[in-house]
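> This is a predicted model, with the sequence first.
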Amino acid sequence: MKLSEILEADSLASARIVAGRDGLEAEVKWSHVVDLPEPLPWVRPGDLLLTTGYSWPKEALEERRLVRQLAAAGVSAIALAVPRFVEAFSDAACDEADRSGLPLLEIPWAVPFAGIMEELHRKIMAEPLRAIERSEAIHRALTRAAGDGSSLDALAELLARLVGRSVTFEDPGGKLLAHASADDDHDEVRRETLARSQSPRALHAEFERRGVAQQIRTAQRHVRVPAIEGLGMGARLACPIRLGKEVVGVVWILEGKTPLNELDQRAAEHAALVAAIRIAHERELESLESRLGYASFLSFLESDSSAPVAEERLRLLGFDPDASHVAGIVALDLRIPLGREELDERDGAAESVRFALARLGAPSLVTVTLDRVPFLVPSGFPLAELAAIVDRPARSLVFGREHAGADGARASYHEARSLLDYHQRPPVCYFDDVLVPRVLTGDVRARDVFLEELFGRLRAQRNGEPLVEALVELARHGFQFRACARTLGVHPNTLRYRLDRATEITGMDVRDPETQFRLQLATRLLDIAIPGRTALR
């Protein structure tokens, strides 16, 4: 029991505190009467020393020495019966007691020591039972919180109220998860942690240097962390939150003005267990939502048209059906069927994609399928920034082209997926960059995309076929304008109109060497696709 609580005993009602008030919160474990000239061998830490003063030193220097020695021995307080042998504690004794933080009590001679000892020992003996009862009450309250599914914030509030101290819950990196204050916080580290939602980096470096971080990582129970004055950190209790062998967080209980005790230790350990249950539950919910999101997102990309329900779920994930997107796929060199290690590798790649998208401020439109991690990036985001995802030899990254709307997102995905069959692709591969090489290697899908890219918008126009025919024949005749007009049997002005109209619709410039190359390649592809045809008529 604390000395301040002991002083509430009826037998000490007339006791007077004359010095050492700073030590009133000291723990009293027992009381002992000693009237020998050298009492040190007969006292133990936590003793309330009762004396009649019969052998109390008469000289000021001796009084100072004895008070200092008793304080160093851990005595909780000295109670002197006055005024039979000693009128009162001297000024020298009081001064030394104030310096040492050792309370000095004066008790009227008429108060029997036996009555004091009987009442004190009865209270002290009852204290463990009270501690057990309080511990059980804390255990029940925290267990109810676990059953109620209380949030970490609610758990922190409950723990702070139960132990009467400020508490914080942090993840292993020091990120603030929850907190509650029981009194005014004078701890600089705590103030900075609450202000920034992150404990100071300097603190983590100091914990690593002192081995405190390793203690917490390996501890199965609580760890008492002493004050670090240079950082403005008071003493505190740390208890790791564990899920199996993984440390997923730490419960911190600040010491404050009164020393931490066994009750705080038990409360921290049980709170850590309840927090682990809560975190495990949240992880399961996140995993379930992630799986549902994965499934709906993947079905959206794979389908030919989107269902309203799928699009609604994607909107909740941040998908804008009216915007333009680019689809990407992280391809992993994994053994199929996937084992535990392969699943971990794929999930790690998906997490890397989510982190990269979050860093760019893009929504987390990510899914997984077998050995691939498809994702969508909104228009305007720098795709080169995502190249860091491919940080291992067994990974590669492919991108489709930018398309508008929900159908466009699916089209971009199918373009990206088509690149997976192109074995000569670089680690980071863009659809347009390898379209022509794929065409030249005989990739039929690439050929169809290439021709659609050149002529698709023209064919979609009313009377668009003559525009396509004009471009193809111009390429066949080496871009000789008059020769092309003669072959088509049209006036040069008519040919010029058709070419101008094709340029207006597609943006192609038939004078550009790259465009001329693509058109000439297209004529050869059309000859292959339609043997025996020399024109599109």
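In hand now; what should we look at?

> mind giving me the domain ranges of the protein?
Annotated domains of the chain cover 3-123, 149-282, 303-431, 444-529 [automatic domain parsing].

> hmm, who's touching stretch 484-501?
By CB atoms under 8 Å, 6 or more residues apart in numbering, the surrounding residues in contact with stretch 484-501 are 466-467, 469-471, 473-474, 476-477, 481-482, 510. Backbone N, C-alpha and C define where each C-beta goes, glycine included.

> roughly how far out does it sit from the chain middle?
66 Å (CA atoms, centre = their mean, to the nearest Å).

> Please apply the same query to stretch 243-259.
The answer for stretch 243-259 is 16 Å, by CA atoms, centre = their mean.

> Okay, buried residues for it please.
Using 16 or more other CB atoms under 10 Å as the burial criterion, the residues of stretch 243-259 that qualify are 247-256.

> How about residue 208: what's its closest non-neighbour residue?
residue 214 (7.8 Å; CB to CB, 6 or more residues apart in numbering).

> Can you tell me the SS state at that neighbour?
helix (DSSP: H, G, I helix; E, B strand; the rest coil).

> pLDDT weak spots in the stretch 351-500 of the chain?
Residue ranges of the stretch 351-500 of the chain with pLDDT under 70: 390-392.

> Could you rerun that using 80?
Within the stretch 351-500 of the chain, the stretches with pLDDT under 80 are 359, 385, 387-394, 423, 437-446, 449, 453.

> So which residues of it form strands?
Ranges of strands in the stretch 351-500 of the chain, per DSSP state E, counting those that start in this stretch, are 372-378, 395-399, 403-404, 428-430.

> how distant is the shortest one from the center of its chain?
In this view, strand 403-404 has its centroid 34 Å away from the chain centroid, taken as CA atoms, centre = their mean.

> For that strand, give me every contacting residue.
322-326, 409, 411-412.

> Residue 320 looks like it's in a strand, true?
No: using three-state DSSP, the assignment for residue 320 is coil, not a strand.

> roughly how far apart are it and residue 379?
Taking CB to CB, to the nearest Å as the measure, residue 320 falls 10 Å from residue 379.

> swap in residue 115?
Taking CB to CB, one finds residue 115 at 87 Å from residue 379.

> likewise residue 477?
For residue 477, the distance to residue 379 - CB to CB - is 39 Å.

> Comparing these two, which residue is more hemmed in?
Neighbours per residue (other CB atoms under 10 Å) separate residue 477 from residue 379, with residue 477 holding more: 16 against 13.

> burial measure for the closest residue to residue 213 other than its chain neighbours, as a count.
Leaving aside its sequence neighbours, residue 213 sits nearest to residue 207 (CB to CB, 6+ apart; 4.2 Å). Counted with other CB under 10 Å, residues neighbouring residue 207 total 20.

> Spit out the contact partners of residue 207.
Residue 207 neighbours (CB under 8 Å, 6+ apart): 213, 216, 225.

> Same check on residue 455?
Here residue 455 is in contact with 468, 471, 522 (CB under 8 Å, 6+ apart).

> Now flag whichever of those residues is closest to residue 195.
Distance to residue 195, by CB to CB, is smallest for residue 522 among the contacts of residue 455, at 63.7 Å.

> any idea how far the residue lying closest to the closest one once chain neighbours are set aside lies from residue 475?
Nearest residue to residue 522 in three dimensions, chain neighbours excluded: residue 454, at 5.5 Å (CB to CB, 6+ apart). Between residue 454 and residue 475 the computed distance is 10 Å (CB to CB).

> which residues are common contacts for those two?
With CB under 8 Å, 6+ apart as the test, residue 454 and residue 475 both reach 519, 522.

> Can you show me the strands along the stretch 151-300 of the chain?
So, for the stretch 151-300 of the chain - with DSSP E, counting those that start in this stretch - the strands run 167-170, 176-180, 223-225, 236-243, 246-254.
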